[in-house]
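*Asks:* have a look at this fold, sequence not included:
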Ligand SMILES: Cc1cc2nc3c(=O)[nH]c(=O)nc-3n(C[C@H](O)[C@H](O)[C@H](O)COP(=O)(O)O)c2cc1C
């Protein structure tokens, strides 16, 4: 069964480490005949959540930018691969802006008791890919927690993390072929219907 697979490249470095890994995962999805779409957050007009609470009334955000279109994709997709770098021990700003804007979904789900995704169809699931320049302890903890909350908000099962430390300059990840193998395997597992 062909699944719809959305890849979100969150790094501002188009040819950076996380995007290279993401492309590897997306290649698997393509070769297996799934419907794939790749979004670069750096291409989107995105503004941070204002915390105005307007979405609490009708589940609609007052900010007019590209986020509603992305939300539509996120509600319809079967599989998600999110790739984001670590900045200051958490996800980078672009990723966090996107995640915070899911407050609209929080309002729809918990305040307005609305169903976010279509009731039928396969269970939705996703993986999180990240890289960081150092090898500090607990490097990915904050990012993982935010991303897990994001997935939960979207009713997407958090299937796996693929996390790589000591990867700094754009392209450094190429020295770690095992990371590409791991991402390929994670993508293959993700695509089992
Ligand atoms: C603004 C900024 C903050 C960063 N903060 C951290 C950090 O807190 N810890 C860390 O290990 N690496 C940090 N890094 C390094 C990146 O995580 C690393 O270069 C990563 O591989 C970038 O992924 P990308 O190539 O996909 O953009 C930071 C890099 C930048 C530009």
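*Replies:* Sure thing, it's come through. Values in this document were obtained by computation on a predicted structure and should not be read as measured data.
*Asks:* okay, buried residues for stretch 96-113 please.
*Replies:* 96-109 (16 or more other Cβ atoms under 10 Å). Just so you know, the C-beta spots here come from the backbone N, C-alpha and C atoms, and that holds for glycine as well.
*Asks:* give me the phi and psi angles of the residue of the chain found nearest the ligand.
*Replies:* When scored by Cβ to the nearest ligand atom, the chain has residue 16 as its residue closest to the ligand, at 2.5 Å. Phi and psi for residue 16, reported as degrees, to the nearest 10, are phi -80, psi -170.
*Asks:* what do you get for residue 105?
*Replies:* The phi/psi pair for residue 105 (degrees, to the nearest 10) is phi -70, psi -40.
*Asks:* quickly check: stretch 172-185 near the ligand or not.
*Replies:* No - judged by Cβ under 6 Å from any ligand atom, stretch 172-185 stays clear of the ligand, getting no closer than 6.7 Å.
*Asks:* now that stretch: mean pLDDT?
*Replies:* Averaging pLDDT along stretch 172-185 gives 98.
*Asks:* can you check stretch 78-98 too?
*Replies:* 98.
*Asks:* how far is it from where the chain is centred?
*Replies:* What separates the centre of stretch 78-98 from the centre of its chain is 6 Å, taken as Cα atoms, centre = their mean, to the nearest Å.
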